[in-house]
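A.B. asks: turn this into a structure:
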Amino acid sequence: MKTALLIIDVQNEYFASAGGQFDQFNVDNIAKDIADYAKTAEQNGTLIIGVQHIMAKDYPLFAEGSIGAELHSSVAGILADKPVVQKVHADSFLNTNLVEILQENGIEQVDICGIMTQNCVTHTALSPFAKDYKIRVLSSLCTAPTELIHQIALGALADRGWIEVV
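C.D. replies: Residues are numbered from 1 along each chain as shown. Predicted coordinates:
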């Protein structure tokens with residue numbers, strides 16, 4: 001089954017160490033694990049796709065052109081020559097070219113990882129546009145503001161019969 005790995009919103013805004021305003025639970029370790037996983041997945045034929053949240057220049061988070069909106073150094077190199085979808089909504093499919101990228105590459109399964117579990121990861125997994133794909137959320141490669149919020153979001157996703165939480 002042809003697979004894509006979505007790396008959602010691994011951006012400086014979520015890393016205090018990178019000047020971000022919205023630090024997340026265990027984010028440095030999760031980012032390293034995402035990078036390691038992406039390298040191995042790519043070697044195994046998985047299409048790697050970045051997702052980057054970009055807001056208006058005057059928005060308090062992810063402002064266009066800001067350091068916070070930039071991809072974090074842990075994944076920036078990996079994504080340098082990969083498709084990167086820019087979005088303004090929690091759903092990575094909504095008003096983006098993600099479906100076109102998946103269709104052009106014959107993707108049947110979408111593995112999702114990134115930040116924040118309870119927001120962009122969940123909204124992408126639950127998107128009406130995701131229904132044509134086997135969706136897997138890679139739970140150990142996602143994070144949220146706290147571990148509890150992360151676990152609650154994963155539990156809610158696991159209740160959905162068509163989403164696999166691994």
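A.B. asks: using the three-state scheme, assign Tyr59.
C.D. replies: Recorded secondary structure, Tyr59: coil (DSSP: H, G, I helix; E, B strand; the rest coil).
A.B. asks: so it versus Tyr14, what's the distance?
C.D. replies: 15 Å (C-beta to C-beta, to the nearest Å). Every C-beta, even on glycine, is put in place using the N, C-alpha and C of the backbone.
A.B. asks: kindly report the same for Glu164.
C.D. replies: When distance is defined by C-beta to C-beta, Glu164 is 25 Å away from Tyr14.
A.B. asks: ok, those two, which is more surrounded?
C.D. replies: Tyr14 (27 against 16; other C-beta atoms under 10 Å).
A.B. asks: correct me, but that one touches Phe22?
C.D. replies: Yes: counting by C-beta atoms under 8 Å, Phe22 is a contact partner of Tyr14 at 5.7 Å.
A.B. asks: just read off the phi/psi values of the closest residue to Val84 other than its chain neighbours.
C.D. replies: Spatially, and ignoring its direct neighbours in sequence, Val84 is nearest to Gly50 (3.9 Å; C-beta to C-beta, 6 or more residues apart in numbering). With angles defined as degrees, to the nearest 10, Gly50 sits at phi -90, psi 150.
A.B. asks: output the longest helix belonging to the chain.
C.D. replies: In the chain, with assignment by DSSP state H, the single longest helix is helix 27-43.
A.B. asks: in that one, which residues are buried?
C.D. replies: Val27, Asp28, Ile30, Ala31, Asp33, Ile34, Ala35, Tyr37, Ala38, Ala41 (16 or more other C-beta atoms under 10 Å).
A.B. asks: ok, stretch 158-166 next?
C.D. replies: For stretch 158-166, using 16+ other C-beta under 10 Å, the buried residues are Ile163, Glu164, Val165.
A.B. asks: can you give me the strands for this structure?
C.D. replies: Taking DSSP state E as the criterion, the chain contains strands spanning 3-8, 47-53, 84-87, 109-115, 134-143, 163-165.
A.B. asks: and for the protein, the residue most distant from the center?
C.D. replies: In terms of distance from the mean C-alpha position of the chain, Asp58 ranks first, at 23.5 Å (C-alpha atoms, centre = their mean).
A.B. asks: quick check: the gap between Ala90 and Phe22.
C.D. replies: From Ala90 across to Phe22, the span is 14 Å (C-beta to C-beta).
A.B. asks: one step back: out of the strands of the chain, which gets nearest to Asn97?
C.D. replies: strand 84-87 (6.3 Å; C-beta to C-beta).
A.B. asks: which other helices and strands does the closest one contact?
C.D. replies: Counting contacts by 3 or more C-beta pairs under 8 Å, 6 or more residues apart in numbering; DSSP states H and E, strand 84-87 packs against strand 47-53.
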